[in-house]
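In: sequence isn't available, so here's the structure alone:
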């Protein structure tokens with residue numbers, strides 16, 4: 001019996017040692033051999049970059065450079081903002097050239113800044129540069145980004161992308177935009193009335209435009225109240241904050257496969273909250289139709305999505321997750337782009353008062369003292 005127990009102990013110990021050796025070999029292959037092989041292959045093609053560092057790549061350096069750049073104000077207000085918002089990219093373009101290789105953990109990142117190459121990638125006519133699948137994004141630590149956009153228009157491809165693009169195109173058709181104009185004007189008027197109490201004082205316009213764009217999107221695309229939209233926006237912004245923190249983090253081999261981080265747990269809760277908020281909005285719209293209070297789901301973006309969600313043809317029907325993902329994409333992408341553009345425009349007008357006067361003069365010439373109309377907006381060449 002003692003001999004059998006001893007043999008079993010030796011067998012188990014040997015098996016465990018063999019397993020640990022196999023795991024170690026896989027870790028070294030994934031986090032050392034493969035990155036070094038890629039780095040050497042790129043160097044032979046003339047693509048240089050910062051040296052790969054075991055497991056974390058260049059994450060620590062990137063985080064340090066970003067913090068240093070944001071720790072002090074810009075010396076002068078200008079269009080030259082790359083050294084501040086992407087300090088690591090700016091430094092490496094100057095050091096290694098317009099195209100260089102860096103590392104997000106063990107993932108190789110080829111940075112391209114030459115316009116003709118960027119155009120070639122975006123054109124992608126023969127599908128050489130496909131979008132990453134959700135599994136690939138998860139392997140490259142982008143799974144929190146998936147919780148923001150899901151498999152919506154930004155991340156999907158092929159037939160699914162074509163169907164989603166068709167819905168988005170219809171929502172942004174000229175006639176649809178024309179019908180949105182009164183709601184946009186009403187939202188701006190509300191904001192300007194609020195601003196009157198701050199006359200002679202400073203206003204944080206970036207935050208003000210956040211409120212404005214969230215209200216406009218809620219009213220025009222989803223027919224919902226500002227408060228309903230604000231709840232979804234707030235949850236999405238908290239998710240974005242997690243993504244920003246996760247960019248500089250590195251997954252620990254093996255342990256990360258079994259241990260969920262605090263950020264990951266928080267991201268799951270936020271994603272569930274967004275899903276529930278969108279479906280609450282959907283159910284309100286459905287109840288109006290099912291009770292006879294409304295004769296259709298509507299012609300706004302949510303209405304178009306609901307028509308596809310209830311399409312009798314299974315091939316054209318949107319799933320519940322697809323419906324939620326499209327709403328998230330529209331809320332997030334529309335809000336961030338419009339908000340940033342408005343804030344940047346106001347900053348530039350403040351820096352260049354001569355253009356501010358030209359734009360104001362044109363508005364009065366085209367619109368007079370009346371509220372702007374859809375047809376007149378198209379004639380504003382300077383403002384455009």
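Out: Now that the structure is in, tell me what you want to look at. All figures in this text were calculated on a predicted structure; none of them were measured in a lab.
In: what about this structure, any weak spots by pLDDT?
Out: Counting by pLDDT under 70, the chain contains low-confidence residues at 1-8, 10-11, 125-126, 132-146, 152-158, 170-174, 225-226, 244-260.
In: tally of neighbours for residue 220?
Out: Using other C-beta atoms under 10 Å as the criterion, residue 220 is surrounded by 21 other residues. All C-beta atoms are positioned from the backbone trio N, CA, C, and that covers glycine.
In: tell me which helix or strand it sits in.
Out: Element membership for residue 220, per DSSP states H and E: helix 205-221.
In: next, the buried residues of that helix.
Out: Using 16 or more other C-beta atoms under 10 Å as the test for burial, helix 205-221 gives 208-221.
In: assign residue 102 to helix, strand or coil.
Out: Judged by DSSP: H, G, I helix; E, B strand; the rest coil, the three-state class of residue 102 is strand.
In: wait, it sits on residue 49?
Out: Yes - with contact defined as C-beta atoms under 8 Å, residue 102 counts as touching residue 49 (5.2 Å).
In: common neighbours of the two, please.
Out: Counting by C-beta atoms under 8 Å, 6 or more residues apart in numbering, the common neighbours of residue 102 and residue 49 are residue 92.
In: can you pull out the helices in the stretch 1-150 of the chain?
Out: 2-28, 34-44, 59-70, 82-85, 87-96, 115-123, 134-139, 143-149 (DSSP state H, counting those that start in this stretch).
In: equivalent analysis for the stretch 201-350 of the chain, please.
Out: Using DSSP H, counting those that start in this stretch, helices in the stretch 201-350 of the chain cover 205-221, 226-247, 255-258, 262-290, 301-309, 320-351.
In: follow-up on the earlier one: okay if I get the helices of the stretch 1-150 of the chain as CSV plus distance to residue 167 and mean neighbour count?
Out: What follows is the helices of the stretch 1-150 of the chain, written out as CSV (distance: least, C-beta to C-beta, whole Å; neighbours: other C-beta atoms under 10 Å):
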stretch, distance to residue 167, mean neighbour count
helix 2-28, 43, 10
helix 34-44, 39, 14
helix 59-70, 37, 16
helix 82-85, 32, 14
helix 87-96, 34, 16
helix 115-123, 22, 10
helix 134-139, 21, 13
helix 143-149, 16, 21
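In: now those as JSON lines including distance to residue 198?
Out: Below are these laid out as JSON lines (distance: least, C-beta to C-beta, whole Å):
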{"stretch": "helix 2-28", "distance to residue 198": "57"}
{"stretch": "helix 34-44", "distance to residue 198": "53"}
{"stretch": "helix 59-70", "distance to residue 198": "27"}
{"stretch": "helix 82-85", "distance to residue 198": "28"}
{"stretch": "helix 87-96", "distance to residue 198": "34"}
{"stretch": "helix 115-123", "distance to residue 198": "42"}
{"stretch": "helix 134-139", "distance to residue 198": "43"}
{"stretch": "helix 143-149", "distance to residue 198": "33"}
